[in-house]
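Participant: Fold the following and give me the result.
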Amino acid sequence: MRIQAAVSLLLSAAVAPSLAFTPGNGRFQAPSITSLDMSPQSYWPVYGAPGQTANGSPAGYGSGFESAATSSFDTHYKQSARFRKKTKQLATLGPASESFEMIEKLFLAGADVFRLNFSHGEHAQKQELLDIIRQVEAKHDHPIAVLGDLQGPKLRVGTFANPEGEMLQGGQTFRFDLDPTPGNNQRVMLPHPEIIEASEVGHNLLIDDGKVKVTVIGTGPGYLDCVVDVPGKIKDKKGVNTPDSVLEISALTPKDRADLEFMLKMGVDWVALSFVQRPEDIVEINRLILEHMPHATIKPNVMAKIEKPSCFEGDSLQQIVNLCEGIMVARGDLGVECQPEDVPILQKMIVDECREQGKPVVVATQMLESMIESPTPTRAEASDVATAIYDGADAIMLSAESAAGSFPEESVYMQQRIINRVESDPHYKKYLQAFDPGNDGTAAAAIILAAKQITRTVNAKCIVTFTVGGSTAKRASKKRPDVPVMAVCPLKETARQLCLSWGVYPEFSDADKIDTDNFRSMLGDACAMAKKKGLVDSDNDLLVVTAGFPFGTPGAANIVRVVPAAGPTYWDSSL
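Facilitator: Numbering: from 1, shown residues only. Alright, predicted model coming up:
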């Protein structure tokens, strides 16, 4: 079949060595934890147990389709709010969320992607977590993406003779040099010659996440003389940020390269690159991925973490977005290296650029920080999450809240509640439609735009795209249609990667179950899968189906059809 040839072509291309509210007391009030049932069963009380259809029949990941001829639309547990949201959720796994039971709870609470932070833990632990995620995926017959997050370079000062560190006074001078002798109140080692070489008079250095700020007043061979602008205590091995300098270092340390090679072997769906300073960093990681990918595997998507001011110089941001498959607004380091009042503006700038280019964008860091220790967020945190959604972000992320907090499940569920509330607000649709990303003038772009307009005209319930590599589904997501986009994928890897795209509901189907020589059969499959995912409610619901022929040609959408959900038994011969 053509689809099998297309899959083979995609696999071979992947290994080719080339690059191309009720507020109260300042907090958002939720039901008390004793009364809030957060067990997996609480998410599907009337829809049927996961792993079963509503009528009790078994379901499995890629287990096949129900008959498209049936006219009975039973209520399905995937019609619940958790499976109807368009904005996606990432949850970081850690000590608080490493068991099968907790990971399943986080999935049912709303997590679409799980983040594995390679700054902590051993490779064996990451493999165990990925195996558990795949078990949850199979149990619930629903694609789940895994993002591996590389640590990146860690720039730190040396050690001090005084184990308590040294207090620097405002206005005093202080030297950073390459001398390994333990430091004192006048100097300390800075074991990063690239910082010394890149720094100029007037540049700032931020120590310990900005708790101490100094300005360079003199440079020389192997040293920087600075004046202390913001006084404070410096201790051993505290971090250094260089907001004014572009460092001549790779974004990938030896540890990152080893971690990347392991990620490729274990099969993550996304790789997040930290410390991105310039477009060349994305070129480098893409080259390394292609060099080290196991044979006959699908290339993972690359996500650039925007956390350095240099990303906004000239057209760097546009180039970085163009070179990778996704972006993370990493507001931790970005908030240290940029002025606080600039971060919200930069966040909107990044989101807009990603929407313009049709790349998924994740807003991350301190979204529900207080829920590390509290079962409810502050109103300011709830507003911050809502703002990212109103901006049009594809996804929002939790870090310590789900990895190490006392309320991992509640924090994920709270994000889902905020998403559903915002997406039900009439203002949300207005804000989304106010931003109209441009078209590239291709036939595929025209087909997707037509599909969006047709759904409004005929009041269709769903757009269905048949896609091998995901490009058609991403085009549809870019246009932010009013209805869900179901992406039918013959590759599990594509289905998982699409879990990060706004409004896309990926569905895996084995290549040999899609008869690409019979488009009517494909339309029937579309109806069966839309029913399986709970995207249609009755026989009379309409689907707008797009596909490209020859099937498997990237971005070649050239057909659009409107079909009733009842299935081919009830269609006339024109379909």
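
Participant: Which helix or strand contains L260?
Facilitator: For L260, the host element (DSSP states H and E) is helix 254-266.

Participant: could you say what helices and strands that helix packs with?
Facilitator: In terms of contacts (3 or more CB pairs under 8 Å, 6 or more residues apart in numbering; DSSP states H and E), helix 254-266 is packed against helix 123-140, strand 145-149, helix 279-292. Glycine gets a C-beta too; all of them are placed from N, C-alpha and C.

Participant: Show me what the last one is in contact with.
Facilitator: Put plainly, it is helix 279-292. Helix 279-292 is contacted by residues 15-19, 250-252, 257, 260-261, 264, 271, 273, 275-276, 299-300, 302, 304, 316, 319-320, 323-324 when judged by CB atoms under 8 Å, 6 or more residues apart in numbering.

Participant: Tell me where the stretch 351-500 of the chain has strands.
Facilitator: For the stretch 351-500 of the chain, strands defined by DSSP state E, counting those that start in this stretch occupy the ranges 361-364, 395-398, 462-466, 485-489.

Participant: Kindly reformat the ones you listed as a markdown table and extend each row with mean pLDDT.
Facilitator: What follows is the strands of the stretch 351-500 of the chain, written out as a markdown table (pLDDT from 0 to 100):
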| stretch | mean pLDDT |
| --- | --- |
| strand 361-364 | 98 |
| strand 395-398 | 98 |
| strand 462-466 | 93 |
| strand 485-489 | 94 |
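
Participant: right, and those - which one's nearest S374?
Facilitator: strand 395-398 (14.0 Å; CB to CB).

Participant: which helices and strands does that closest one pack with?
Facilitator: strand 88-92, strand 361-364, helix 379-391, helix 408-423.

Participant: Check whether A272 really touches E325, as I assumed.
Facilitator: No: with contact defined as CB atoms under 8 Å, A272 does not count as touching E325 (10.9 Å).

Participant: The two - which one has more neighbours?
Facilitator: More crowded of A272 and E325, by other CB atoms under 10 Å: A272, with 28 against 21.

Participant: quick one: average confidence on the strand or helix carrying the more buried one?
Facilitator: Element membership for A272, per DSSP H and E: strand 270-273. Across strand 270-273, pLDDT averages out at 98.

Participant: element containing K348?
Facilitator: According to DSSP H and E, K348 maps onto helix 343-357.

Participant: Other residues contacting the strand holding A272?
Facilitator: Contacts of strand 270-273 (CB under 8 Å, 6+ apart): 113, 115, 145-150, 152, 251-252, 260, 263, 281-282, 285, 289, 300-305, 324-326, 328, 497, 500.

Participant: if we can go back for a sec, can I get the helix holding L260 as CSV, trimmed to CA atoms?
Facilitator: Provided in CSV are the C-alpha atoms of helix 254-266 (Å, rounded to 0.1, in the frame of the first residue of the first chain):
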residue,chain,number,x,y,z
PRO,A,254,29.7,16.4,27.5
LYS,A,255,26.9,15.4,29.9
ASP,A,256,24.3,16.7,27.6
ARG,A,257,25.8,14.8,24.6
ALA,A,258,25.7,11.5,26.7
ASP,A,259,22.2,12.3,27.8
LEU,A,260,21.1,13.0,24.2
GLU,A,261,22.5,9.8,22.9
PHE,A,262,20.6,7.9,25.7
MET,A,263,17.4,9.8,24.9
LEU,A,264,17.6,8.7,21.3
LYS,A,265,18.0,5.1,22.3
MET,A,266,15.1,5.2,24.8
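
Participant: May I see the buried residues of it?
Facilitator: The neighbour-count check on helix 254-266 (16 or more other CB atoms under 10 Å) flags D256, D259, L260, E261, F262, M263, L264, M266 as buried.

Participant: Columns distance to Y390 and pLDDT on top of those, output as JSON lines?
Facilitator: Formatted as JSON lines, the buried residues of helix 254-266 follow (distance: CB to CB, whole Å; pLDDT from 0 to 100):
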{"residue": "D256", "distance to Y390": "34", "pLDDT": "97"}
{"residue": "D259", "distance to Y390": "35", "pLDDT": "98"}
{"residue": "L260", "distance to Y390": "35", "pLDDT": "98"}
{"residue": "E261", "distance to Y390": "40", "pLDDT": "97"}
{"residue": "F262", "distance to Y390": "38", "pLDDT": "98"}
{"residue": "M263", "distance to Y390": "33", "pLDDT": "98"}
{"residue": "L264", "distance to Y390": "36", "pLDDT": "97"}
{"residue": "M266", "distance to Y390": "36", "pLDDT": "96"}
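
Participant: wait, which of those is closest to I217?
Facilitator: Nearest to I217 among these, with distances taken as CB to CB, is D256, at 33.8 Å.

Participant: helix or strand for V560, which one?
Facilitator: Assigned by DSSP H and E, V560 falls in strand 559-564.

Participant: From the chain's centroid, how far away is that strand?
Facilitator: Centroid separation for strand 559-564 versus its chain: 31 Å, with CA atoms, centre = their mean, to the nearest Å.

Participant: circling back: write a ChimeraX command that selects only the buried members of the contacts of helix 279-292.
Facilitator: Burial among those is assessed by 16+ other CB under 10 Å; the matching ChimeraX selection reads:
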select :250,251,252,260,261,264,271,273,275,276,299,300,302,304,316,319,320,323,324
